[in-house]
Every structure is written in structure tokens, then in C-alpha cells.
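*Asks:* Take this sequence and fold it.
(4 chains)
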2 protein chains.
Amino acid sequence: MTVPLKHRTLSAAIVDRLRQAILAGTYPAGTQLRQDAMAETYGVSRIPVREALFQLEAEGFVRIVPHKGAIVSELSLDEINDVFDLRCLLEPRLLSQSVPRFAEADFAALDAIQVRFETAIAAGDVAQWGVINAEFHMALYTRARQPRTQSIVAALLQTSDRYTRLQLSSTAAMGIAEQEHAELIRQCRAGRFDEASGYLVGHIEAVRADLLRVVARSGAAGGETNSRSVALE
Amino acid sequence: MTVPLKHRTLSAAIVDRLRQAILAGTYPAGTQLRQDAMAETYGVSRIPVREALFQLEAEGFVRIVPHKGAIVSELSLDEINDVFDLRCLLEPRLLSQSVPRFAEADFAALDAIQVRFETAIAAGDVAQWGVINAEFHMALYTRARQPRTQSIVAALLQTSDRYTRLQLSSTAAMGIAEQEHAELIRQCRAGRFDEASGYLVGHIEAVRADLLRVVARSGAAGGETNSRSVALE
DNA sequence: CCACGGTAGATTTTATACAATCGATGAGTC
DNA sequence: GACTCATCGATTGTATAAAATCTACCGTGG
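*Replies:* Numbering: from 1, shown residues only, chains lettered A, B, ... in the order given. Below is the predicted model:
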């Protein structure tokens, strides 16, 4: 939705590649991203890299300090909870506004995404998983007349993806998500919107719970202050 | 909060000046912002202008089409309602998380902002009004451990400001806001957090109602689709 | 008369080069 | 021995110039 079809500009391409690299853990949290090095790595000049970093800062992936550079954002427990709280708050609101307006074509689009979802899971494609998952959620909300909420949730889904990649190595968790998505489609088609909203919250909470379990196990970080970061290995 | 104290870089300065110009209506919605003209106007090169436009796109003030340029975003009724709905949803949440953790210094900071608020209103400084109003609201939420929500609300307040400037020419409305802020401080100091949350919602809803009244009077735009724009005069 | 193709102008996008700023390291002094 | 100050190195920030792209207009052909 953010990117129409394919990259029309170099900066946008670098944004995607850098985002994927951060999501994949190529650049762990705390890494300093030097414009010069990025430029050479991707075979472009520094200007596209620069603009990509600014874009990623707006998306919350990096933090830019003037004259010091861009560093990959830390993942704090406070922000994990905040992000998932926001999703539980905003997504059901979008769902109940959007789905009642659905036409058959919208359901068909949903089904198409679901098929690609299953394919990606069968192939074990973790990178595609997050992208398609976000696509699915946003497709549920296309008919909502809440443009600002939609763009916020789109950003939250990307952040969510970054967290989730620490955990969803197992195909099992991905399979559960697939089943829950299918159930969501069924409920929406049946017109049971309230039930679907509740189910959606459960779906989000399940992912959060799993994620927090993994975090609590790996790092002994207590969620005291907001600068506490999650240990990455 | 976003800008520490003063501009450490040219781009940031251009961002502020452009944002103020858009807020003030110097560049109405739909205006095409040519990098060349902006650069000459502000006496800088095109690169800072460019980066400023990207930043403003992330903030939702302009829309950038590749190879075509940046145009000032339209103001749709759907987005007005969306923005104020979000504020009513998120701000009380921040308040009830933040204020119970307040120390005396936090209340003192609030009082200081309130003083500047009164001064700006007395001087009839509309530009400062929006800035200080946002400062006040964000100061209420400093102790909340919800970094993502905080940055989202900060952006919502800026957008709000843009809408509000269409309406708040009268010192009367600004005076009402001032009194409501004072009342909010009182309730928070007294530890009546639930009451303060409710009052905050009322405060936001009042601004929304006024704004919608003005919009309905000036432009005959019905909030049908999301591309419907508000007429500016 | 309408539609298609080509050319010219303008604008954005990218690359290269230069200047300013920050952090650190080292010497010098109290 | 500890602290202050200055110089050095590295990195970012900015300006200037070339390349790619799009829009609009004009002419030609059907």
C-alpha cells in the first residue's frame, strides 16, 4: 500500500533493503550505520542512503543523532508492550468499521492473500511471512474511513514484524497464525463482526505472549525503565 | 521533545519553517512545493529542502509523488474525525499512566508551560499557541512508559494544530482552552485521575465540535469519501 | 477530426566535491 | 598524578553540477 508496485526511485529501494536487513538481524540493535559504508555496499551514492535513513527514522527503525550518525533502535520491553497494546486498541476498531462495508471482491482479495500466506509458510520463507501477514491485516481494514489510523497500524505491523522475527523461527507458530487468519475470514464472511473483533484481539495477544516469553527467557532484562534493551544473539 | 533546543542542522530548521508556513496557511492545501523555489526563498541549497520535504511527508503534511514533486496534503473530513478519535482514545490512556507517577518537578514544569501559554494568548500569538498547547499536552504524558504512543500523539497534536488554525482566530476559544488546562492541572494535583481523564476527553471533543461547525459552515463538503477536501479561504 | 508519436522544457533524482562539526587523543601545566 | 586545552581524524552536513524522468505541446498520419 505504501509502495504502489515496484520501486520508482533508488531511495525507496534502499529503504526496503535496509529495512529487510534490520528485520533479518543483519544489523542488530545498537549498530552504527555509516552512510559511506552503506553507499558502497549497495553501490550507490550517499544521498539515497541518507534519505533512506531519514525514512527509517520516521518509521522508528533507527535513531539519528546530528553529526553522530544513525544507530539501529534498541528494542525495549516498554515499547513491545506499547506496540501490542496499540494494536489491540486500534485494529478491532478498524475491523468493525471496515468489514461491514466489504464487497465480494474484498473477500476475494483476502482469500488471495491467504493463499500466498500458506505458500510462504510451506516454503519456510520467514522474510515473506511478515510482509504477507501485514498485507493480510491491512486488507481487513481497507474499507475503514480512518486514513490516519490505517497508516499508524501499518507502521505498528512493521515494528511488530521486527519483534516477531526473534521468535517465529518455528513453523508451528506460523501455522497457528495461518489457522487464526482463516478463522477470521470465516467469521467476517458470516457477519459476526463483534466475535471477529474479539478473536482478533486474542490473535494479537497470543503473539505478544509468545514474544514476551521468549524475551524473558533470553534476556534477564526487567522492564523497569524505557532504556532497557533486549539482548539479541 | 523532537528538537532538543535549537536547530542543530539546516534541514531541521527548514522543516520547522516549512511546517509553520503550512500551518499558517501560506501554502494552502494542494499547493505544489517546488524544491528550487523553496531553496531560493530560504537562502539554502536544494538538499536541505529535499530532506525537509521527506520529513514533512512522514509527518503527513505533504504528499510526495516520485518525479513529480511535493504537494501540501488535503484536509479531509474523514481524517479530521480520525485524528480527534485517536486523540480521545490515546490521550486519556497516557494521562492515567503518567500523572500518578508525577513528582513535584513535573507539576512545576506544567505550571511553567501554563504561564507561557497565558502570555502567548495575551499577545495574540497564534503561531505560538499551537506549539505551546502541544507542549502542555506532551508534558502531561512525560511519565508514561509508552514511547510509541507518545510519538504518535505528538504527531496527532501537530496535525490537530493545522486544523485548529482554521478556527481559533478568536481569543475566546483560546481563553477557554487556557481555563480547561488550568482545571486539568488542578484535578491532577488533587489526584483525581479518572475525573481528569474524562475532562481531557471533553476538552478534546469541544475543540473537535467547534472545528466541525466551522468546516460545515465554510465548505459544503460532505464526508462521503476520503478524497473529499475542505475548502480553504 | 481524433489519435498516435516525437521533441522540448522543466523538475526531480543522483553523483561528486567541499566545508563544518564532533569526539578523541596527546601534550603541557598546575 | 590529574586536569585543561589544542590539534587531529573521522563522519556528517551542504553546495554545485550532471543524469534520468516526466509533462506538455506540436506535428503527422489515419
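
*Asks:* Torsion angles phi and psi at A:G124?
*Replies:* Reported as degrees, to the nearest 10, the phi and psi values for A:G124 are phi 70, psi 30.

*Asks:* Distance check, it against chain B.
*Replies:* With distances defined as CB to the nearest CB, to the nearest Å, the gap from A:G124 to chain B amounts to 30 Å. The way it works is simple: take the backbone N, C-alpha and C, and place the C-beta from them, glycine included.

*Asks:* count of neighbours near that residue?
*Replies:* Using other CB atoms under 10 Å in any protein chain shown, the number of residues around A:G124 comes to 11.

*Asks:* cool, A:E59 as well?
*Replies:* As a measure of burial, A:E59 has 18 neighbours, counting by other CB under 10 Å.

*Asks:* Wait, it touches A:A155, no?
*Replies:* Yes: using CB atoms under 8 Å, A:E59 and A:A155 qualify as a contacting pair, with a distance of 6.0 Å.

*Asks:* Mean confidence (pLDDT) on stretch A:41-48, please.
*Replies:* Stretch A:41-48 shows a mean pLDDT of 90.

*Asks:* Likewise for stretch A:126-146?
*Replies:* Average pLDDT, stretch A:126-146: 94.

*Asks:* If you count neighbours, what's buried in it?
*Replies:* Neighbour-count burial for stretch A:126-146, counted by 16 or more other CB atoms under 10 Å in any protein chain shown, picks out A:126, A:128-142, A:144-146.

*Asks:* Tell me if it is near chain B.
*Replies:* Yes: residues of stretch A:126-146 contacting chain B under CB under 8 Å from any CB of the partner chain: A:R145, A:Q146.

*Asks:* what do you get for stretch A:53-67?
*Replies:* Yes: shown here: stretch A:53-67 in contact with chain B (CB under 8 Å from any CB) through A:F54, A:Q55, A:A58, A:E59, A:G60, A:P66, A:H67.

*Asks:* Need phi/psi at the residue in chain A that DNA strand D sits nearest to.
*Replies:* Chain A approaches DNA strand D most closely through A:G69 (3.5 Å), counting by CB to the nearest atom of the strand. Recorded main-chain torsions at A:G69 are phi 120, psi -180, according to degrees, to the nearest 10.

*Asks:* cool, A:V62 as well?
*Replies:* On the backbone of A:V62 - angles per degrees, to the nearest 10 - the values are phi -130, psi 160.

*Asks:* On the strand side of things, show who it bridges to.
*Replies:* Beta-bridge pairing of A:V62, defined through DSSP bridges, involves A:V72.

*Asks:* how about the lengthiest helix in chain A: buried residues?
*Replies:* Under DSSP state H, the helix in chain A containing the largest number of residues is helix A:193-218. Burial within helix A:193-218, assessed by neighbour count using 16+ other CB under 10 Å, is assigned to A:193, A:196-197, A:199-201, A:203-204, A:207-208, A:210-212, A:214-215.

*Asks:* just these: which has the poorest pLDDT?
*Replies:* A:V215 (73).

*Asks:* Wait, it touches A:D78, no?
*Replies:* No: in this structure, A:V215 sits apart from A:D78 without contact. The criterion is CB under 8 Å, and the distance is 12.0 Å.

*Asks:* Can you confirm whether stretch A:40-56 lies near DNA strand C?
*Replies:* Yes: when contact is scored as CB under 7 Å from any atom of the strand, part of stretch A:40-56 falls within range of DNA strand C: A:V44, A:S45, A:R46, A:I47, A:P48, A:E51.

*Asks:* would you list every one of the strands in chain A?
*Replies:* Across chain A, reading from the start of the chain, the strands by DSSP state E fall at A:32-33, A:62-65, A:69-72.

*Asks:* Measure how far the second one is from the centre of its chain, please.
*Replies:* Averaging C-alpha coordinates over strand A:62-65 and over its chain gives two centres that are 20 Å apart (CA atoms, centre = their mean, to the nearest Å).

*Asks:* counting contacts, what elements does the longest helix of chain A pack onto?
*Replies:* In this structure, helix A:193-218 makes packing contacts with helix A:77-98, helix A:147-164, helix A:171-189, judged by 3 or more CB pairs under 8 Å, 6 or more residues apart in numbering or on different chains; DSSP states H and E.

*Asks:* Give me the buried positions along the last one.
*Replies:* Going back to what we said before, that points to helix A:171-189. Within helix A:171-189, the residues that qualify as buried are A:A173, A:M174, A:I176, A:A177, A:E178, A:E180, A:H181, A:L184, A:I185, A:Q187, A:C188, counting by 16+ other CB under 10 Å.

*Asks:* what do you get for the second one?
*Replies:* Judged by neighbour count using 16+ other CB under 10 Å, the buried positions of helix A:147-164 are A:147-164.

*Asks:* what's the angle between that helix and helix B:147-164?
*Replies:* Taking axes from the mean of the first three to the mean of the last three CA atoms, to 10 degrees, one finds helix A:147-164 and helix B:147-164 inclined to each other by 160 degrees.
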